[in-house]
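Novice: My questions are about this predicted structure, shown below with the sequence.
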Amino acid sequence: MASVPPVAGRRWRRPPVLIKDRNTRWIVYGGLLIYLALAMSTVDVNWQRVADGLERGMRFINGFLQPDFTSRSTDIYRGLIESLTMTLTSTVVGVLISIPIGIGAARNIAPPVIYYICRSIIAISRTFQEVIIAIFFVVMFGFGPFAGFLTLAFSTIGFLGKLLAEDIEDIDEAQAEAIRATGASFMQLINYGVQPQVMPRLIGLSLYRLDINFRESAVIGIVGAGGIGATLNVAISRYEYDSAGAVLLIIIGIVMLAEYSSSYVRKWVQ
Amino acid sequence: MPVSTTADGRKVWQRRTTGRQWAIWAGWFAFVVLLVWCWELMTRTTIWAFVYDAPRQISDLGNRMFPPRWSYIDRLIWPLWDTINIASLGTLLGIFIAVPIAFCAARNTTPSLYILRPIALFIIVASRSINSLIWALLLVSIIGPGLLAGIIAIGLRSIGFIGKLLYEAIEEIDESQVEAVRATGANGMQVLDYGIVPQVLPAFFGITVFRWDINIRESTILGLVGAGGIGLQLQSSLNTLAWPQVSLILLLILGTVLVSEWVSAKVRHAVI
């Protein structure tokens, strides 16, 4: 450690964490503080209503600790089946569509025109939240899991297409070059030069998206796109917190299961 | 070795043995059967007349939405400010709860490996598996509609995200620095303060800004269930079928998301 001469009246001070310049530091921290003060002051809270709600909050916590799986079991079962089938079909369809789009959106193998078309498809799909897309699909295709299926497939395309394209752009060019040098066609180049390099990650990403789609399927039901979200919405709006707790515990359980098994599969694939 | 014999007695190399080939084929077959079965189950209640009607609905919707009603913008400024506040204050709330949980969940800093760590990990998974819209739905029914429900919903959802990324960052720190600080005779808090925190601080700021960016996106829709912000306006416009207002709101959301993404990218670039 550098020896600090013991100057009278001076002590070692910790160096500042992020911003070295003192004035910028004051401006940034001061600005943040002023913003926070303004933000806090405009939050208008009806404390009376909150106090009334505390009793209901206790009931929710009780419902979460003693969930009621039985009295709404048919609704829960139907919602769960809808969610699970919607998740699986939409993930498979989304992955199948996103593969050509991902290949088209990779700068190193796609011609410029196709590159820009595919990139804009991805950008459109990634812009809005699933819930907003679901609202529109419900308006267009009617209530029910079919609209949810379309929503999830649509957002899968943007997610997987982008990540797959980035992955293809990162491949080892030497292998693709070697395949190209044998006189391979474009399809053969994809099949032998690109696919072996991106396959493990594609499988991992698809499993991750399966997990995300299940979680989202619980949300889009709130706007009428089927699935367990509809069951949850009904349970909460009827103040049946024990049934809502059961639904939430089922969601948490399935997500944990999916996370555990997907980490296992990813280890097996790589 | 996987070889097969052709009709005229020559041996041909194959990639897989016959048994393995059949097993893979059967696996794919089972997968397709499962898929078709799921499709049947899912579309059992679908009314196909509505689906066939969709192209007409789409063009109809396009016509109704097209000129956005620009004059509506002055009713959207306050909700937009509220939306940004929900995201920022929610992120702040999330940080306050997530940091201690992350330290409990990290294998190298947890006070008790067998009691506190599993609890912390369960909190992280529970918060991550439930979307902020569901938290908002619950909180609106518990503490009433308004900004507070939105802030708490965003905060609860952020705990899992920040907690998970932060505890992974804590587990990846360089132990030798901690060892060096401990060798000077520092107590537990001092080791934390001088050995661990400086190493995870850049990651922490990066994670926070990243989550803030995601929270801006999520807070735009919380109003759909009554938790304040611009989503309330979206909901009322949807309910009254005021499509020109809906398209204006969507444009505004798009602009906000782009700006927050830009800010977050700048800050993360500066920090890391």
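Specialist: Done, it's in.
Novice: Spell out the residue ranges of the strands in chain B.
Specialist: Secondary structure of chain B by DSSP state E: the strands cover B:3-5, B:11-13.
Novice: go on, the stretch 151-270 of chain A?
Specialist: Remark: no strands are assigned in the stretch 151-270 of chain A by DSSP state E, counting those that start in this stretch.
Novice: Can you tell me how far B:Phe210 is from B:Leu166?
Specialist: 12 Å (CB to CB, to the nearest Å). Just so you know, the C-beta spots here come from the backbone N, C-alpha and C atoms, and that holds for glycine as well.
Novice: Compare these two and say which is more crowded by neighbours.
Specialist: Set side by side, B:Phe210 and B:Leu166 show more neighbours around B:Leu166, with 24 against 17, by other CB atoms under 10 Å in any protein chain shown.
Novice: re the thing from before, who wins for proximity to A:Ile171 among the strands of chain B?
Specialist: strand B:11-13 (27.1 Å; CB to CB).
Novice: The closest one pairs with which strands, and in what direction?
Specialist: Under the criterion DSSP bridges, strand B:11-13 sits next to strand B:3-5 (antiparallel) in its sheet.
Novice: For the partner strand, give me every contacting residue.
Specialist: Residues outside strand B:3-5 that contact it (CB atoms under 8 Å, 6 or more residues apart in numbering or on different chains): B:Lys11, B:Val12, B:Trp13, B:Gln14, B:Thr18.
Novice: Can you add pLDDT and neighbour count and give those residues back as CSV?
Specialist: Output for those, formatted as CSV (pLDDT from 0 to 100; neighbours: other CB atoms under 10 Å in any protein chain shown):
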residue, pLDDT, neighbour count
B:Lys11, 76, 10
B:Val12, 77, 9
B:Trp13, 74, 8
B:Gln14, 73, 13
B:Thr18, 80, 10
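Novice: Identify the residue nearest the residue in the stretch 151-270 of chain A that chain B sits nearest to in space, chain neighbours excluded?
Specialist: Using CB to the nearest CB, the closest approach of the stretch 151-270 of chain A to chain B is made by A:Val255 at 3.7 Å. Nearest non-adjacent residue to A:Val255, counting by CB to CB, 6 or more residues apart in numbering or on different chains: B:Ser129, 3.7 Å away.
Novice: Hmm, A:Ile249 is touching A:Gln66, no?
Specialist: Residue A:249: Leu, not Ile. No: the pair A:Leu249 / A:Gln66 is not scored as a contact, 10.7 Å apart, by CB atoms under 8 Å.
Novice: Mind checking which of the two has more residues around it?
Specialist: A:Leu249 (15 against 10).
Novice: got the contact list for the lowest-mean-pLDDT helix or strand in chain A?
Specialist: Lowest on mean pLDDT, DSSP states H and E among the helices and strands of chain A sits helix A:47-65, with a mean of 80. Helix A:47-65 has contacts (CB under 8 Å, 6+ apart) with A:239-245, A:248-249, B:138, B:141-144, B:146, B:148.
Novice: do that again at 10 Å, thanks
Specialist: Identification of contacts with helix A:47-65 by CB atoms under 10 Å, 6 or more residues apart in numbering or on different chains yields A:46, A:235-236, A:239-246, A:248-249, B:126, B:138-146, B:148-149.
Novice: can you check stretch B:23-30 too?
Specialist: B:Arg16, B:Thr17.
Novice: Chain neighbours aside, what residue packs nearest to whichever residue of the stretch 1-150 of chain A sits closest to chain B?
Specialist: Closest to chain B within the stretch 1-150 of chain A is A:Gly142: 3.2 Å, counting by CB to the nearest CB. By the measure of CB to CB, 6+ apart, the closest residue to A:Gly142 outside its immediate chain neighbours is B:Phe50, 3.2 Å from it.
Novice: tally of neighbours for that neighbour?
Specialist: With other CB under 10 Å as criterion, B:Phe50 counts 17.
Novice: and if you look at B:Gly188?
Specialist: 10.
Novice: quick one: it from B:Ser247, how far?
Specialist: Distance of B:Gly188 to B:Ser247, given as CB to CB: 57 Å.
Novice: how about the helices of the stretch 151-270 of chain A, start to end?
Specialist: A:173-181, A:186-188, A:195-220, A:228-237, A:241-269 (DSSP state H, counting those that start in this stretch).
Novice: What are the buried residues along the longest one?
Specialist: Going back to what we said before, that points to helix A:241-269. Across helix A:241-269, burial judged by 16 or more other CB atoms under 10 Å in any protein chain shown covers A:241-248, A:250-252, A:254-256, A:258-259, A:262, A:266.
Novice: thinking again about what came up before, okay, the strands of chain B in a markdown table with distance to B:His269 next?
Specialist: Below are the strands of chain B laid out as a markdown table (distance: least, CB to CB, whole Å):
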| stretch | distance to B:His269 |
| --- | --- |
| strand B:3-5 | 56 |
| strand B:11-13 | 52 |
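Novice: pLDDT score assigned to the residue of the stretch 1-150 of chain A closest to chain B?
Specialist: Here, the pLDDT recorded for A:Gly142 equals 80.
Novice: same check, this time on A:Arg107
Specialist: Predicted confidence (pLDDT) at A:Arg107: the value is 86.
Novice: Then A:Gly94?
Specialist: pLDDT, A:Gly94: 93.
Novice: Check the burial of it by counting its neighbours.
Specialist: Neighbours of A:Gly94 using other CB under 10 Å come to 26.
Novice: Pretty sure A:Thr156 is one of the things it touches, is it not?
Specialist: Yes: the pair A:Gly94 / A:Thr156 is scored as a contact, 2.6 Å apart, by CB atoms under 10 Å.
Novice: Nothing else from me, thank you.
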